[in-house]
Every structure is written in C-alpha cells, then in structure tokens.
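Chemist: Here is the input, now give the coordinates:
(one chain, ligands or ions: 2)
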Amino acid sequence: MTKIHVAGYQVNLFDISFFWKYLEQLDYSTLFILVDENTEAHCLPVLEKCNQQKLNYELIQIASGEVHKNLTTCKIIWDALIECNADRQSILVNLGGGVIGDMGGFCASTYMRGMRFIQIPTTLLSQVDASVGGKLGIDHQSLKNIIGLFQNPEAVFADPIFFKTLPGKQLKSGFAEVLKHALIKDKNHWQELCKISKIENLKSWDWILPKSIQIKKAVVENDPLESGHRKVLNFGHSIGHGIESFYLNATMPYLHGEAIALGMICESYLSFKKNNLTKDSLSQISKQFLREFDLNHINESDFDKIIAFVQKDKKNKSGALLLSLLSEIGNCQVNIECQADEIKESFRYFNTLIS
Ligand SMILES: NC(=O)c1ccc[n+]([C@@H]2O[C@H](COP(=O)([O-])OP(=O)(O)OC[C@H]3O[C@@H](n4cnc5c(N)ncnc54)[C@H](O)[C@@H]3O)[C@@H](O)[C@H]2O)c1
Ligand SMILES: [Zn+2]
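Modeler: Ligands and ions are numbered 1, 2, ... in the order given. Got it, this is the predicted structure:
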C-alpha cells in the first residue's frame, strides 16, 4: 500500500481492504455509505468482499450522473440522514466518482454544521483529482460547482481495482486530468504518458496514480484556498468549464475530462499566442488529445454563448478573463488576461484540427 499525506489527512492507495481496518479504529455512531446505481452494482461488492469485520452500515442510494449533482439530490441525502438519525458522530462514506464525492462531501459538511466523511473514489478522475484539495459542491442553474465549500475528508481510500468495471470513456475522461498534471508540472512524465498506446490496456497504475496525486498535492498545499498559484490546476478548465456548461443539456453532453481536453487544446493555442509555448509543443499537445478523445467541431454561432459561460466562471475577477497558460510543457503561469476575441481564435484553431 502507498500512503500519501495531504494536509490534514491521508490518501491510502492500492489496498482497499485497509478501509475496514481503518474504520475499526474510529469512534463513530452510525456508518453511512453513499452510492449511485453503478457503484452499488460494481463497487459495493468489491468493498463488501473485504469487510471481514462485518461492520454494519446504512446505504443511501442516489441516481448517477452530473445532471443529478444538484440540490434536489442533496435533499434526498439529507432526508436519508435525518431518517436514520444521523448525528455528528456519524460518518458518511462516499463510494463513487467525483459527483458522489463532491455532493456527498457537501451534504456531510453542511449536515448539523458538519459530520465526518470518507472518500472512496472509484473513477480515475476522482482518484487523481477530486481526492485531493478539499473542494466540495454541487451545480446550480447550469453553473458547475457554483455552490460549495472547502472541507477535508477524514481519509481517502483509492484503488485501481475499481477501474475494472469503469466504462472506457470514463477512464479516458480521468486520463485528461493525469495529462494535465504532467503538462503543468512534469515534462518527463508527460513524455512517458504519451507513450501509452491505449489507456484501457494499461497493466500497472503504480507509476501513474501516486505521481499524479503528488503533483496535485504539492500545488494544493502551497495554496489551499486557491488565492494564487493553485490556479495552475485550472489549465484547460476556464474554457473547458465553458464547454461543459454549454453542452450540459445537449443530447450527448461532454464528460468533464473530455471538455477539459478540448479546453487544454484551446488554452495551449493561447499559450502559444501569448505565453511563449512553442509551436512544436502546441502540435504535440493537440495531437495527443485528439488521439485520445472524441471531440466535435464547435459551431461558430455558439462561440459567444460558450464565452458567456467562460465569463461566468467564478475564477475571473471583475469581468477580465484570467487564464492559466503554459510557457512550456511542465510549466504554467496564472492570471494571464485574455480577450473574448482571442478565445474565439482558439476555437477556430481547434476547428481546423477537427474537420
Ligand atoms: N472536488 C474536486 O476537486 C474535483 C476535481 C475534479 C472533478 N470534480 C468533479 O467530479 C465530477 C466528475 O467525476 P467523475 O468523472 O468521477 O464522474 P461521475 O462521478 O459522474 O462518475 C462517472 C460514471 O461512472 C460511474 N462509476 C463510477 N465508478 C464506477 C466504477 N468503478 N465502475 C463502473 N461505473 C462507475 C458513475 O456511476 C457514473 O455514471 C464532476 O462533477 C466534477 O466537477 C471535482
Ligand atoms: Zn478537472
């Protein structure tokens, strides 16, 4: 097992059975496990299999998917906690992807002014990204994560054993964050990741998960409340979130990782235009993302609507669009001001790659 200490808690990697041993040492009243229909079918049995201690728990089920990451579902969770007399000595275990983790953590942190919660991320995205940094929240009025707070879990237990049942598209979505971590901090790691021919066939996660988590941890610990350098993690996300929000109600909405993959291509173009990223690096990055992800042409008539979502992004101060851009692969600068027209230009660049 690998243990990574993040400010205030521990990420336990590669041995899910340790979760139950850890629980045995904790003092709590009632244990709750939050699942959606997929993690109930695929992940709960994996967790149960190593429950040799036969510890009891109450199960709370919600519907899967980003469309349910909202107040209506929070009400279902809070109602279930109340019905089972949860108190501040109770613990909520969030077994699932980033949606379950963000929303379960949000509900726990606001229930009776805060009960403890444990994250068991079951997607690649939630293991390398959502498991570190303490960000919790839900979507509202088509705005991603607009309601939420920072609060650390008691602990995180992450194991790639859960990836066996994860749809390939979801695995790829998480891989976008793995690639992002390398792009902003580690050129050698980026080069190694580019050698992977098919992420679904990857044999060992030993060299990927700890590395990716360590990169995020290093950034977050330097700037826990996102007042400065932590914004490097937003690389690809300003435009990516705009894309994600705009297509949220489309027939085939983009997954988070897919949207930020598109965002990273556009923001790499802006990095090339405004922050000295070389043309070679821009081509290499674009090629890598287009090889991995199924991305669609953006209609010129939608540019303004997408930019309106980008402008609503909470990271921008007083209307100016402040982006995190690469100066080279492995190095990223924050707060680079971009104009709407430049973003449109990046969409046009992206479209030339698609046709
Ligand atoms: N808190 C943070 O710092 C942070 C960081 C990045 C992303 N996020 C959030 O995470 C969310 C995206 O997370 P996600 O990509 O994990 O999506 P998700 O939680 O929607 O999970 C993806 C799908 O996979 C299913 N699933 C999960 N684990 C499975 C498994 N092992 N086997 C089979 N099916 C499984 C889920 O039921 C769901 O249908 C977004 O809401 C995003 O805002 C949060
Ligand atoms: Zn992300």
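Chemist: and the closest residue to ligand 1 within the chain, what is it in contact with?
Modeler: In the chain, the residue found nearest to ligand 1 is residue 98; the distance is 1.9 Å by Cβ to the nearest ligand atom. (Each C-beta comes from the backbone N, C-alpha and C, glycine too.) By Cβ atoms under 8 Å, 6 or more residues apart in numbering, residue 98 lies in contact with 121, 123, 125-126, 129-130, 256.
Chemist: Nearest to residue 33 among the residues you listed?
Modeler: Taking Cβ to Cβ as the measure, residue 33 sits nearest to residue 121 out of the contacts of residue 98, at 13.7 Å.
Chemist: Now that closest one: closest residue in space that isn't a chain neighbour?
Modeler: Computed as Cβ to Cβ, 6 or more residues apart in numbering, the closest residue to residue 121 that is not its neighbour in sequence is residue 127, at 4.5 Å.
Chemist: thinking again about what came up before, can you give me the separation between the residue of the chain closest to ligand 1 and residue 136?
Modeler: Residue 98 sits 10 Å away from residue 136 when distances are taken as Cβ to Cβ, to the nearest Å.
Chemist: same check, this time on residue 28
Modeler: 20 Å.
Chemist: higher neighbour count, these two?
Modeler: Taking neighbours as other Cβ atoms under 10 Å, residue 28 and residue 136 compare with residue 136 leading, 27 against 15.
Chemist: Could you tell me the per-residue confidence at that one?
Modeler: pLDDT, residue 136: 97.
Chemist: could you say what helices and strands the helix or strand containing it packs with?
Modeler: Element membership for residue 136, per DSSP states H and E: strand 135-140. Counting contacts by 3 or more Cβ pairs under 8 Å, 6 or more residues apart in numbering; DSSP states H and E, strand 135-140 is packed against helix 71-83, helix 98-110, strand 143-150.
Chemist: now it: how far from the chain's centre is it?
Modeler: 12 Å (Cα atoms, centre = their mean, to the nearest Å).
Chemist: so, if you compare the contacts of residue 98, which one comes nearest to residue 72?
Modeler: residue 256 (20.3 Å).
Chemist: ranges for the strands of this structure?
Modeler: Ranges of strands in the chain, per DSSP state E, are 2-6, 9-13, 31-36, 58-62, 91-96, 116-121, 135-140, 143-150, 155-158, 321-328, 331-338.
Chemist: hmm, back to that, ok, which of the helices and strands packed on strand 135-140 comes nearest residue 23?
Modeler: Among the helices and strands packed on strand 135-140, if distance is taken as Cβ to Cβ, the winner is helix 98-110, at 15.5 Å.
Chemist: Could you check the angle the closest one makes with strand 91-96?
Modeler: 160 degrees (axes from the mean of the first three to the mean of the last three Cα atoms, to 10 degrees).
Chemist: quick one: pLDDT of the residue nearest to residue 282 when sequence neighbours are not counted?
Modeler: Residue nearest to residue 282 in three dimensions, not counting chain neighbours: residue 272, with 4.4 Å by Cβ to Cβ, 6+ apart. With respect to pLDDT, residue 272 scores 98.
Chemist: I'd guessed residue 272 sits against residue 279; true?
Modeler: Yes: contact criterion Cβ atoms under 8 Å: residue 272 and residue 279 qualify, at 6.3 Å.
Chemist: Of these two, which one has the most company?
Modeler: Per other Cβ under 10 Å, whichever of residue 272 and residue 279 has more neighbours is residue 272, with 22 against 8.
Chemist: which residues sit in contact with the more buried one?
Modeler: Going by Cβ under 8 Å, 6+ apart, the list of residues near residue 272 reads 278-279, 281-282.
Chemist: low-scoring pLDDT stretches of this protein, where are they?
Modeler: Where the chain drops to pLDDT under 70, the residues are 313-319.
Chemist: Kindly report the residues of it close to ligand 1.
Modeler: 36, 38-39, 42-43, 64-66, 69, 96-100, 102, 122-123, 125-126, 129-130, 133, 135, 144-145, 162, 165-166, 170, 173, 256 (Cβ under 6 Å from any ligand atom).
Chemist: Mark which of the residues you listed are buried, thanks.
Modeler: Burial by neighbour count, judged by 16 or more other Cβ atoms under 10 Å, picks out 36, 38-39, 43, 64, 66, 69, 96-100, 102, 122-123, 125-126, 129-130, 133, 135, 144-145, 162, 166, 170, 173, 256 from the residues of the chain next to ligand 1.
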